[in-house]
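*Asks:* When you get a sec, could you give me coordinates for this:
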Amino acid sequence: MKIYDELKARGLIAQVTDEEEVAELLNNGKATFYIGFDATADSLHVGHFMALCLMKRLQSAGNRPIALLGGGTTMVGDPSGRSDMRQMLTQEQIQANADRFKVQMEKFVDFSDGKALMLNNADWLLNLNYVELLREVGAHFSVNNMLRAECYKQRMEKGLSFLEFNYMIMQSYDFYHMFQEYDCVLQCGGDDQWSNILGGTELIRRKLGKDAYGMTITLLLTSEGKKMGKTQKGAVWLDPEKTSPYEFYQYWRNVDDADVMKCLRMLTFLPLEQIDAMSSWEGSRLNEAKEILAFELTKLVHSEEEAQKAQSAARALFGGGGDEAHMPSVELTEDDLQDGSIDILSLMVKAGVVKSKSEARTNVQQGGVSVDGEKITDIKAAFDADRLKAGMVLKKGKKTFKKITL
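*Replies:* Model (predicted):
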């Protein structure tokens, strides 16, 4: 199966400007393409994961990716998918974030020997003359058409700043610049980027009289239509310091039954034949499919060793065998004890399973807390140093575990 057909079979392609041309370019390994990553945080997250996997898939078929770090566009902020304006970052913050992105991207994309490029649009956007940009680029954009774009439409009620209104022009200029300088003929992105991508293809056509192409990938949504990659704690990050390999593994292990096959097709590199064979699995076998999903994605992001540790810890916690040594853990010190022991409410706060003692009290009173498999119902329950030194497993609800040691 050729790469474009595989992308379709996996349900990855949402929209494409010229399917026949794009399919030929990608199938023949002829395309230099780019995906942009605005450096709005100090780590990439699950929302970027599909884009990174797309780069990996297309590169394996012979195409050349450009990972474009948005050192310039982050200064403005993309209004797409936003109900409010993004936080304004300094150039120093943006550069620090971009540097961390580079390390994470190298796990997915081979940048050696010119096989891929990593560029930063700050190199050309920050040096642009505003009046010159208005004359050379702004003249080719219709305000009426821009206001009809989805990325602006949803912001009109709350108010769209003029700063953000310029974002489409800047992203379009990126494509125009790289088309000329790096022979980049295709821009890819999430489905919410369609209007911005079309702005670039149209600018190239108007300014240079040449064809460029765009392709969007399906947004990763749950069966209820919500974006994947969010937990009660916030985003699921690719940085192990922000989301541990165990937490990352558990996020995918706990996806809804209705979403397992979709995630296997869209996110993993397992052969489609293998995934199709799993589509009839039910009950405990569906849990096996979730384990496969979690393992494969954790291996991609954190390494096979970390995936094995996470799987072993999860199995130990949920009664399927495994190694308790790799459970998420918290180490207390004597300073955390009062008169040689610690009460359950303080313990839950120290372990980070709740934010406050009042939240801990509610969980205990509702029967949602246990230690070493024994339900704790007394809010005054306490544990001495000897018990803590032996190690114990604190559980809140069905899915939150911490191994406690002293």
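
*Asks:* From the centre of the chain, point out the most distant residue.
*Replies:* Residue farthest from the centre of the chain, counting by C-alpha atoms, centre = their mean, is residue 339 at 44.9 Å.

*Asks:* any idea how far that one lies from residue 384?
*Replies:* Residue 339 is 9 Å from residue 384, where distance means C-beta to C-beta, to the nearest Å. Heads up, the C-betas are built off the backbone N, CA and C, glycines and all.

*Asks:* which residues of the stretch 151-300 of the chain fall in strands?
*Replies:* Using DSSP state E, counting those that start in this stretch, the strands of the stretch 151-300 of the chain run over 186-190, 213-217, 230-231, 234-235.

*Asks:* Quick one: closest of the ones you listed to residue 246.
*Replies:* strand 230-231 (13.1 Å; C-beta to C-beta).

*Asks:* isn't residue 330 right up against residue 350?
*Replies:* Yes: between residue 330 and residue 350 there is a contact under C-beta atoms under 8 Å: 6.7 Å.

*Asks:* and residue 123, how many neighbours?
*Replies:* The number of residues packed near residue 123 is 12, by other C-beta atoms under 10 Å.

*Asks:* Kindly report the same for residue 242.
*Replies:* Look at residue 242: counted by other C-beta under 10 Å, it has 17 neighbours.

*Asks:* Not counting its neighbours along the chain, what's nearest it?
*Replies:* Leaving aside its chain neighbours, residue 242 sits nearest to residue 43 (5.3 Å; criterion: C-beta to C-beta, 6 or more residues apart in numbering).

*Asks:* What secondary structure category should be reported for the one you found?
*Replies:* Here residue 43 is coil, with the state taken from DSSP: H, G, I helix; E, B strand; the rest coil.

*Asks:* Just the buried residues of stretch 338-352, please?
*Replies:* Using 16 or more other C-beta atoms under 10 Å as the test for burial, stretch 338-352 gives 341, 342, 343, 344, 345, 346, 347, 348, 349, 350, 351.

*Asks:* same deal with stretch 211-231?
*Replies:* Neighbour counts over stretch 211-231 (16+ other C-beta under 10 Å) mark 212, 213, 214, 215, 216, 217, 218, 220, 222, 228, 229 as buried.

*Asks:* same deal with stretch 372-392?
*Replies:* For stretch 372-392, by 16+ other C-beta under 10 Å, it's 376, 379, 381, 382, 383, 387, 388, 392.

*Asks:* quick one: contacts for the second one?
*Replies:* Residues counted as contacts of residue 379 (C-beta atoms under 8 Å, 6 or more residues apart in numbering) are 343, 344, 345, 361, 364, 365.

*Asks:* Just the ones of these in strands?
*Replies:* Mapping the contacts of residue 379 onto strands (DSSP state E) picks out residue 343.

*Asks:* tell me which helix or strand of this structure sits lowest on mean pLDDT?
*Replies:* Sorting the helices and strands of the chain by mean pLDDT, DSSP states H and E puts helix 150-153 at the bottom, at a mean of 62.

*Asks:* just to revisit the earlier point, what sits in contact with each of residue 330 and residue 350?
*Replies:* Counting by C-beta under 8 Å, 6+ apart, nothing touches both residue 330 and residue 350.

*Asks:* hmm, back to that, now tabulate the buried residues of stretch 338-352 in a markdown table and tack on distance to residue 235 and pLDDT.
*Replies:* Listed next are these as a markdown table, based on distance: C-beta to C-beta, whole Å; pLDDT from 0 to 100:
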| residue | distance to residue 235 | pLDDT |
| --- | --- | --- |
| 341 | 37 | 87 |
| 342 | 31 | 91 |
| 343 | 33 | 90 |
| 344 | 30 | 90 |
| 345 | 29 | 91 |
| 346 | 29 | 90 |
| 347 | 27 | 90 |
| 348 | 24 | 90 |
| 349 | 23 | 89 |
| 350 | 24 | 87 |
| 351 | 22 | 86 |
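
*Asks:* Go through these and name the one nearest residue 236.
*Replies:* The closest of those to residue 236 turns out to be residue 351 (C-beta to C-beta; 20.5 Å).

*Asks:* Quick check: that closest one vs residue 194, distance?
*Replies:* To residue 194, residue 351 is 44 Å away according to C-beta to C-beta.

*Asks:* Likewise for residue 304?
*Replies:* Per C-beta to C-beta, residue 304 is found 36 Å from residue 194.

*Asks:* So if I had to pick from these two, which one is more boxed in?
*Replies:* residue 194 (20 against 12).

*Asks:* right, and residue 62 touches residue 29 too?
*Replies:* Yes: contact status for residue 62 versus residue 29: in contact at 2.3 Å, counting by C-beta under 8 Å.

*Asks:* ranking the strands of the stretch 151-300 of the chain by mean pLDDT, which is last?
*Replies:* Lowest mean pLDDT within the strands of the stretch 151-300 of the chain: strand 230-231, at a mean of 70.

*Asks:* Low-confidence stretches in the stretch 251-400 of the chain?
*Replies:* Residue ranges of the stretch 251-400 of the chain with pLDDT under 70: 318-327, 399.

*Asks:* go again using 80 as the cut-off
*Replies:* Applying pLDDT under 80 to the stretch 251-400 of the chain picks out residues 316-329, 372-373, 390-391, 398-400.

*Asks:* Kindly provide the distance from the residue nearest in space to the middle of the chain to residue 328.
*Replies:* By C-alpha atoms, centre = their mean, the chain has its centre lying nearest to residue 46, at 1.6 Å. Separation of residue 46 from residue 328 (C-beta to C-beta) stands at 19 Å.
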